[in-house]
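> need a 3D model of the following:
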Amino acid sequence: MGMQFLEFARMCEHLEGISGRLDLIEEISTVLPRIDDKELPIFVRFIMGRVFPDWSPKKLGVGPNLLYDAVAYVVGTKRNAVREAINVTGDAGLAIEGLLANKEQTSFFVQEMDLLEVYHDFERVASAEGARSQREKLLLIRKLFANAQPLEGRYLARLMLEELRIGVGEGSVRDAVARAFDIDVHLVEHAHQAMNDLGEVALLARRDPAALSEVLIEPFRPVKMMLAQAGSIAAQIEDHGEVAIEYKYDGSRFQFHKVGDVCRIYSRRLEEVTGSLPDIVMHLSRATSHDVILDGEVVAVQDGRPMPFQYVIRRFRRKHQVDAMMEKIEVVPRIFDILYLDGTTLMDRPLTERRRILEDVLDAHVAPQFLVTDAADAEAIYADAVSLGHEGVMVKVPASPYTPGVRGRLWVKVKPGVETLDLAVIGAEWGEGRRAKMFGSFLLAVQDQGRLLPVGKVATGITDEALADLYALLRDSVIAHSGKEVTLEPLAVFEVGYSEIQASPNYESGYALRFPRFVGVREDKGVDEVETLDSLIERYRQQRPSDP
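Below you'll find the model as predicted:
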């Protein structure tokens, strides 16, 4: 017999009360071996607050209003009453649990739900399309809540809003899988980087642990992109002697997959954007006859010079009249890495070897790279990059493997100007005066093992026009109100400049930004990619070398 959703909900409640990461890992690792094969991948994703694998194109597409309408119907009230209950608690899950506990009449036909049934209903919600899709989604969500006991309702709601709030992040689950099946954590990590689904990795760890080391990346199943830390040219040369320097483009990162004549393009958030970029498909399919997975940047150009990032994003978002947009905005690919060639995974090969292979198999569009050992030569390349209109440079360790989703010091980014952070937007405050009908400031958060911890508010650097755009972007993701403040479903990522990071008891993260300034919306980034608390602390320490 499969795991009942109520059992899953009780487990979530238990984990929510545990504050220590090691204790969390221990608890999860004792449960994993008890779960059957069909449910194991689902359980692993659910416990992280995810419904589908990261690489999957499936999306639930359930906003707060659809959720509130479904709950209101089940408990026999109006949407505003649900919203009010959420305002009181500030937590959609707890509020919906309370409403279900108080509902006046209970259906005689409440069915117990198991994990598999809930997952299949979520699949049906995700696949509802066309004019009647919202109605179909609503009926499916009503059915789920009609069968839910109050505690189940808490976690159903949170799963739909993709914020489980139990503090279980990818790292904890990776460690729990290793412990549960007595496997080296590095094997689990390696398999996860290639498969991009900890659920499937957990199943493989149980069935065939030896296969974890042989997992290969597959075309049309995108992997996370390797990331860079902020750093300096001098420090990288001092640490590594020789470094590979590439231009840092003000474009949008993408992954290009090709097998035979079939080509697909994925954004940094792993969403398929092939239809929006037919010219990129044309350029790259002509440039190689091989089956490949390539990593690069789409750059908008005009008269040979790069255009700002916003022009590229317009193309990524474009679903209709792409031809007209192609005439307005010319985009070109700049390819700097290769992850897969004709059935062979290249991620574990050193950058120098991947680069040699890339130059062999791609006839055009390879981004320039300079191998240097001298800091003065490196600074000259950096100055050229900036004068050519690029953001700065990337400084890469020639021996580095390709590590999907990892932000390490093997790749370092160097750019002029103010330091910036990418942060999740978790709340806002209504403006005053002429801005009274819009949000005037925004509450920002870093990520820490599945939790979003506040680190400050930003109101500076936003024009009235930008505020109107931000209000249009965020108004449908309001979860709760409290006076002038609103809680937002965490969907948007802001790039924010700052002058200094300070230790602060005022925010749950323990830190605050001094003079935060809005730079822009990172539409190419998901909330799971925002700055981590560990990375913020590292920045704090680097700016104050004498601090512990």
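
> every contact and neighbour count from this point should use C-alpha atoms.
Will do.

> contacting residues for Leu443?
Applying Cα atoms under 8 Å, 6 or more residues apart in numbering to Leu443 gives the contacts 425-428, 454-458.

> which of the residues in the helix or strand containing it are buried?
In the assignment (DSSP states H and E), Leu443 maps to strand 439-448. Buried residues in strand 439-448, defined by neighbour count with 16 or more other Cα atoms under 10 Å: 439-448.

> so for that strand, what's the average pLDDT?
Here strand 439-448 scores 92 as its mean pLDDT.

> export it to CSV, keeping only CA atoms.
Taking C-alpha atoms only, strand 439-448 is exported to CSV below (Å, rounded to 0.1, in the frame of the first residue of the first chain):
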residue,chain,number,x,y,z
PHE,A,439,3.7,49.2,-4.5
GLY,A,440,6.3,51.7,-3.3
SER,A,441,8.9,49.4,-1.8
PHE,A,442,9.7,45.7,-2.0
LEU,A,443,10.9,43.2,0.6
LEU,A,444,13.9,41.1,-0.6
ALA,A,445,15.2,37.8,0.6
VAL,A,446,18.2,35.4,0.2
GLN,A,447,17.7,31.7,0.1
ASP,A,448,18.8,29.3,2.8
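
> can you report how many residues lie near the closest residue in space to Leu358 that isn't next to it in sequence?
Closest residue in space to Leu358, ignoring its immediate chain neighbours: Ile338 at 6.0 Å, by Cα to Cα, 6 or more residues apart in numbering. Ile338: 27 surrounding residues under other Cα atoms under 10 Å.

> wasn't Ile338 part of a helix?
No - read with DSSP: H, G, I helix; E, B strand; the rest coil, Ile338 is strand and lies in no helix.

> partner residues bridging it?
Taking DSSP bridges as the rule, Ile338 bridges to Leu294.

> distance of it relative to Gly251?
According to Cα to Cα, to the nearest Å, Ile338 stands 18 Å off from Gly251.

> need the buried residues of strand 439-448 in a markdown table with distance to Gly76, can you?
Below are those laid out as a markdown table (distance: Cα to Cα, whole Å):
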| residue | distance to Gly76 |
| --- | --- |
| Phe439 | 32 |
| Gly440 | 35 |
| Ser441 | 35 |
| Phe442 | 34 |
| Leu443 | 34 |
| Leu444 | 35 |
| Ala445 | 36 |
| Val446 | 38 |
| Gln447 | 37 |
| Asp448 | 38 |
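
> from the residues you listed, which is closest to Arg268?
Arg268 has its nearest neighbour among the buried residues of strand 439-448 in Gln447, at 18.1 Å by Cα to Cα.

> show me what contacts the nearest residue in space to that closest one that is not next to it in sequence?
Distance criterion Cα to Cα, 6+ apart; nearest residue to Gln447, sequence neighbours excluded, is Thr532 at 4.6 Å. Going by Cα under 8 Å, 6+ apart, Thr532 touches 446-448.

> got the buried residues for stretch 287-296?
For stretch 287-296, by 16+ other Cα under 10 Å, it's 290-296.

> can you check stretch 9-24 too?
9, 12-13, 15, 24.

> ok, stretch 407-426 next?
Result for stretch 407-426 [16+ other Cα under 10 Å]: buried residues 407, 409-415, 420-426.

> what's the farthest-apart pair in these?
The widest separation within those (Cα to Cα) is 31.0 Å, between Leu410 and Ile426.

> out of the contacts of Thr532, which is nearest to Pro222?
Nearest member of these to Pro222, counting by Cα to Cα, is Gln447, at 22.9 Å.

> out of the contacts of Leu443, which are inside strands?
425-428, 454-458 (DSSP state E).

> quick one: the nearest residue to Ala92 once chain neighbours are set aside from Asp348, how far?
Nearest residue to Ala92, sequence neighbours excluded (Cα to Cα, 6+ apart): Ile86, at 5.3 Å. Distance, Ile86 to Asp348, using Cα to Cα: 48 Å.

> the two: who's more crowded?
Ile86 (24 against 14).

> the stretch 401-548 of the chain: strands as residue ranges?
407-414, 419-430, 439-448, 451-458, 478-482, 485-488, 493-498, 500-503, 511-514, 517-521 (DSSP state E, counting those that start in this stretch).

> could I get the second one in CSV with only the CA atoms?
Written as CSV, here are the backbone C-alpha positions of strand 419-430 (Å, rounded to 0.1, in the frame of the first residue of the first chain):
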residue,chain,number,x,y,z
GLU,A,419,28.1,45.4,-6.4
THR,A,420,24.8,43.7,-7.1
LEU,A,421,22.8,40.8,-5.7
ASP,A,422,20.0,38.8,-7.2
LEU,A,423,17.2,38.5,-4.5
ALA,A,424,13.7,37.1,-4.2
VAL,A,425,10.8,39.5,-3.8
ILE,A,426,8.7,38.2,-1.0
GLY,A,427,6.7,41.2,0.0
ALA,A,428,5.9,44.9,-0.8
GLU,A,429,4.5,48.0,0.8
TRP,A,430,1.9,50.3,-0.7
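
> ok, and what's touching that strand?
So strand 419-430 is in contact with 436-447, 452, 454, 484-499, 522, 527, 530-531, going by Cα under 8 Å, 6+ apart.

> given it, what are its sheet partners and their directions?
With DSSP bridges as the test, strand 419-430 is paired with strand 439-448 (antiparallel), strand 485-488 (antiparallel), strand 493-498 (antiparallel).
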